[in-house]
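In: Give me coordinates for this.
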Amino acid sequence: MALRIEDYAIIGDTESAALVGNNGSIEWLCAPRFDSPAFFAALLGTQANGHWQIAPAGEVRRVERRYREGTVVLETEFETDAGMVRLVDCMPIRQGHLGIVRMVEGVRGRVTMQMRLLPRFDYGRLIPAIGRIDQGVFALAGSDAVCLRTPADLDVDAAVASATFTVSAGERVPFQLVWYPSHLPPPEPIDPFGVVTRTEAWWREWSGRCQYEGVHRDDVIRSLLTLKALTYSPTGGIVAALTTSLPEEIGGGRNWDYRFCWLRDGSFTLMPFIRTGYLDEAVAWRDWLLRAIAGDPAQVQLMYGIAGEHRLTELELPWLSGYEGSKPVRTGNAACEQFQLDIFGEVLAVLHTAWKAGLPVRGDSALAPGIGLEALIEIVERRWRDPDEGIWEVRGDPQHFTYSKVAAWTALDRAIRFADGTGLKAPIERWRQVRDEIHADVCAHGFDSERNTFVQYYGAKGLDASLLLIPICGFLPPKDPRILGTIDAIQREICSGPLVWRYSTDEGVDGLAGGEGAFLICSFWLVSALALAGRIDEAESHLDQLRALQNDVGLFSEEYDPVGARALGNFPQAFSHIGLLHSIFTIADARAGRELAGD
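Out: Take a look at the predicted model:
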């Protein structure tokens, strides 16, 4: 039986990452980059397509795992009748090729262990050739190769390497797996004990720079570490999640590839990095953004590859059965070709925040090479009246989504503030007129006065969780009766306790069949909106219930299924951790009487 999504934990080196199951199995490894076609394993829950497992040979009575404090170095303890062993999983900070070190440590008694390496490439399609090298084996197919080195005796049978060994208290048995281009010789062995120590120290130094000292600090640090692990440090890009095609409904078709960099997600990520003092990460993402959108403003996309790639062709992989039978399995994402009006507001909001935080800005009006502030705002001025696919990337007909219009207002509002604050020459009066026109349009057409709530899109009756962002971005005061009415309506119609669904799927606006779980970032938006509205005790109660949905090592997926009591969607999800951080900070500011909305 496949492990549940929440049974996994992430290890990473800020260039690649892997997911480790609580059964000691690695079933998902991106190598050497998030967008690479070379994978050690094909998909969670489909071990026949590749995995690397180290676990006790006999029955396991208890499993307990944790991250070493302030790191993404993972410890998993297995207790058996014969004793206890600890499996340490670490992806060393890159000094050469991508590698994973796994260390089996004897804690008590004498335990027999089994190791099984079943490598597969190209999403499980390619079965490699396997051969022996000094102190290990190699496997290669096409352009990719891996080598495994260990002092344990290895057996090779067809395309599988295995070992059976025993470990006593105080003993340590290391395993080192390294990816390398198949046309090169295998890399030289490393000191596995030393690299684990150095990697642990690197992560502790990084997490030790966190400047947040308020409540839930452990949750804040774990979320920041997760976001850092989802960062591709050579470029500064931040992926939305590590995985592709983990379903939003078990057995359903809402299975998307999230291993790309959304402008929206990255913009939201920058806020907590700036708040907690990680300005280097903020500058790196800001610079990634400016390179990605450089050139003709008309070619700005809502998402890119980790190095700023524009072409993210969506494909289906028919040879894979999908997680628990959820098909199709996809790579690439066709949403990159959509028009989403809201991205302009989110990007300009975060650039304004970065400027306020003291990040260096250019001395002229250029946001990026070939793109000036006026050029970007001109797109908003010209297109804010157009329907779009919206924040949720609907694959049905474009609509006049209310939040998209609000985000267009945000783009103009932050551009005006930026120009005023920096003395930039710009047509500010014209921008103010357009900003006011958008505001009036949203209030006239996006608000249902009979029900006292904003609606998902003009003329609709359905609601949308993105409406909770209206007070957060400063479009209306948090205690405006229209905001309070919208919060109440959302709690009645698309909520279950603290859990919030994105929108009702009954109207079919997204053009897709099937359902989905509650969206965790939407649930955190409700927490923030409640806190801003002065309902702080209610916000804190909701936050505590949502914090309880973290898995045992503090990670969130994209969604949660309250009926099945399980995680859904891609994992770990940056959006969910961003939502947690924002809600913690919003409650802290509300308790202190500080104003956060529309910052």
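In: how about low-confidence regions in the stretch 301-450 of the chain?
Out: 361-371 (pLDDT under 70).
In: Tell me which stretches of it form strands.
Out: 303-304, 315-316, 330-331, 366-368, 371-372, 447-448 (DSSP state E, counting those that start in this stretch).
In: Ok, the stretch 151-300 of the chain next?
Out: Using DSSP E, counting those that start in this stretch, strands in the stretch 151-300 of the chain cover 155-157, 160-168, 172-181, 231-232, 237-238, 261-262.
In: Most tightly packed of those?
Out: strand 261-262 (a mean of 28; mean count of other C-beta atoms under 10 Å). Bear in mind the C-beta positions are built from the backbone N, C-alpha and C, glycine included.
In: what residues does that strand touch?
Out: Identification of contacts with strand 261-262 by C-beta atoms under 8 Å, 6 or more residues apart in numbering yields 237-240, 288, 292, 302-306.
In: where does this protein have its least confident helix or strand?
Out: Within the chain, no helix or strand scores below strand 366-368, which has a mean of 54 by mean pLDDT, DSSP states H and E.
In: could the contacts of strand 261-262 be laid out in a markdown table, adding distance to Arg492?
Out: What follows is those, written out as a markdown table (distance: C-beta to C-beta, whole Å):
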| residue | distance to Arg492 |
| --- | --- |
| Gly237 | 39 |
| Ile238 | 35 |
| Val239 | 35 |
| Ala240 | 30 |
| Trp288 | 41 |
| Ala292 | 40 |
| Leu302 | 31 |
| Met303 | 33 |
| Tyr304 | 38 |
| Gly305 | 41 |
| Ile306 | 41 |
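In: Closest to Lys405 out of those residues?
Out: Of all the contacts of strand 261-262, Leu302 has the smallest distance to Lys405: 16.4 Å, by C-beta to C-beta.
In: In this structure that closest one contacts Gln338, no?
Out: Yes - with contact defined as C-beta atoms under 8 Å, Leu302 counts as touching Gln338 (6.4 Å).
In: Which one's more surrounded, these two?
Out: Leu302 (26 against 18; other C-beta atoms under 10 Å).
In: how much space is there between the more buried one and Leu412?
Out: Counting by C-beta to C-beta, to the nearest Å, the separation of Leu302 from Leu412 is 19 Å.
In: which ones are touching the residue nearest to Glu493 when sequence neighbours are not counted?
Out: Leaving aside its chain neighbours, Glu493 sits nearest to Leu463 (5.4 Å; criterion: C-beta to C-beta, 6 or more residues apart in numbering). Counting by C-beta under 8 Å, 6+ apart, Leu463 makes contact with 453-456, 486, 489-490, 493-494, 503-504.
In: Which ones among those map onto strands?
Out: 453-454 (DSSP state E).
In: Same list (the contacts of Leu463) but as JSON lines, adding neighbour count, pLDDT and distance to Asp397.
Out: Below are these laid out as JSON lines (neighbours: other C-beta atoms under 10 Å; pLDDT from 0 to 100; distance: C-beta to C-beta, whole Å):
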{"residue": "Thr453", "neighbour count": "23", "pLDDT": "98", "distance to Asp397": "23"}
{"residue": "Phe454", "neighbour count": "27", "pLDDT": "98", "distance to Asp397": "20"}
{"residue": "Val455", "neighbour count": "21", "pLDDT": "97", "distance to Asp397": "16"}
{"residue": "Gln456", "neighbour count": "27", "pLDDT": "97", "distance to Asp397": "13"}
{"residue": "Thr486", "neighbour count": "27", "pLDDT": "98", "distance to Asp397": "24"}
{"residue": "Ala489", "neighbour count": "19", "pLDDT": "98", "distance to Asp397": "24"}
{"residue": "Ile490", "neighbour count": "24", "pLDDT": "98", "distance to Asp397": "24"}
{"residue": "Glu493", "neighbour count": "15", "pLDDT": "96", "distance to Asp397": "22"}
{"residue": "Ile494", "neighbour count": "23", "pLDDT": "97", "distance to Asp397": "21"}
{"residue": "Tyr503", "neighbour count": "27", "pLDDT": "92", "distance to Asp397": "15"}
{"residue": "Ser504", "neighbour count": "16", "pLDDT": "78", "distance to Asp397": "16"}
